[in-house]
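A.B. asks: predicted coordinates and the sequence they were generated for:
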Amino acid sequence: MKLLVLGKGKMGTAVIELARERGHQVDAHDEFDNPHGCLLTPERLRDFDVVADFTWPDAVMENIQACVRAGKNLVVGTTGWYDKVAQVQAAVEQGGIGFLYGANFSIGVNQFFEIARAAAPVLKQGFTGKITETHHIHKKDAPSGTAVKLQAAVESASGVKPEIESIREGEVFGIHTLELDAPGETMVLTHSLKSRRALADGAVRGAEWLNGRRGFYDFKDIYREV
């Protein structure tokens with residue numbers, strides 16, 4: 001597979017390294033040599049199988065639009081744009097490309113979402129819920145996309161939308177905690193990311209899975225297939 005990675009930050013770099021380890025041809029642009037998606041022309045993208053975006057919320061929409069125009073499959077690990085999911089899905093379907101996005105590409109955290117769904121119905125039995133997410137000080141969006149997905153998972157299973165507390169400190173990769181509390185007992189579910197490699201592995205496997213496919217996909221729905 002020939003992969004173009006957008007973003008040479010810590011996450012993009014991890015994806016580049018792991019994709020090369022898995023035998024793929026990789027090229028990359030950082031945020032500064034591709035302003036407003038200007039390099040993502042049909043000619044530039046012709047020889048790539050998949051594009052992977054790990055930029056930032058202000059850049060991702062223009063990159064998505066450029067890839068749709070070029071008819072190129074796209075994996076998006078950037079968060080902070082989920083208020084536009086319906087708009088992006090319509091564009092993807094109209095453009096006939098394959099599109100895979102994820103609030104978090106680790107296998108463990110997607111299993112964590114399912115565990116949270118299973119536990120969430122206690123919120124209808126006198127428990128209260130709270131989500132706490134902690135990330136490094138460089139993270140652009142708050143709350144994290146993972147926390148928003150976790151909140152949605154809990155709400156879908158219980159009808160209750162727990163509050164989210166966001167903490168930015170040090171170089172923390174990502175810790176997400178769901179606390180379910182009642183007067184006589186407490187349940188605490190936590191997922192802690194130890195390395196960006198877990199995220200990069202899921203993203204690269206997701207790109208391999210998306211290669212040759214069409215349609216709009218959320219990683220949480222297909223992670224068992226990668």
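C.D. replies: Happy to help now that I have it. Numbering: from 1, shown residues only.
A.B. asks: where exactly do the strands run in this structure?
C.D. replies: Secondary structure of the chain, counting by DSSP state E: strands at 2-6, 25-29, 50-53, 73-76, 98-101, 128-135, 163-168, 175-182, 185-192, 215-218.
A.B. asks: centre of the chain to the fifth one, how far?
C.D. replies: I take that to be strand 98-101. 10 Å (CA atoms, centre = their mean, to the nearest Å).
A.B. asks: isn't Trp209 up against Leu100?
C.D. replies: Yes: between Trp209 and Leu100 there is a contact at 7.4 Å, judged by CB atoms under 8 Å. The way it works is simple: take the backbone N, C-alpha and C, and place the C-beta from them, glycine included.
A.B. asks: these two: which is more packed in?
C.D. replies: Ranked by neighbour count (other CB atoms under 10 Å), Trp209 and Leu100 place Leu100 first, with 26 against 19.
A.B. asks: name whatever forms a beta bridge with that one.
C.D. replies: Using DSSP bridges, the beta-bridge partners of Leu100 come out as Val75, Tyr217.
A.B. asks: could you check how far it is from Val88?
C.D. replies: Using CB to CB, to the nearest Å, one gets 12 Å for the distance from Leu100 to Val88.
A.B. asks: likewise for Glu43?
C.D. replies: Taken as CB to CB, the span from Glu43 to Val88 is 24 Å.
A.B. asks: Arg196 now?
C.D. replies: According to CB to CB, Arg196 and Val88 sit 25 Å apart.
A.B. asks: ok, Glu43 and Val88, which is more surrounded?
C.D. replies: A direct count of neighbours by other CB under 10 Å for Glu43 and Val88 places Val88 higher, at 21 against 7.
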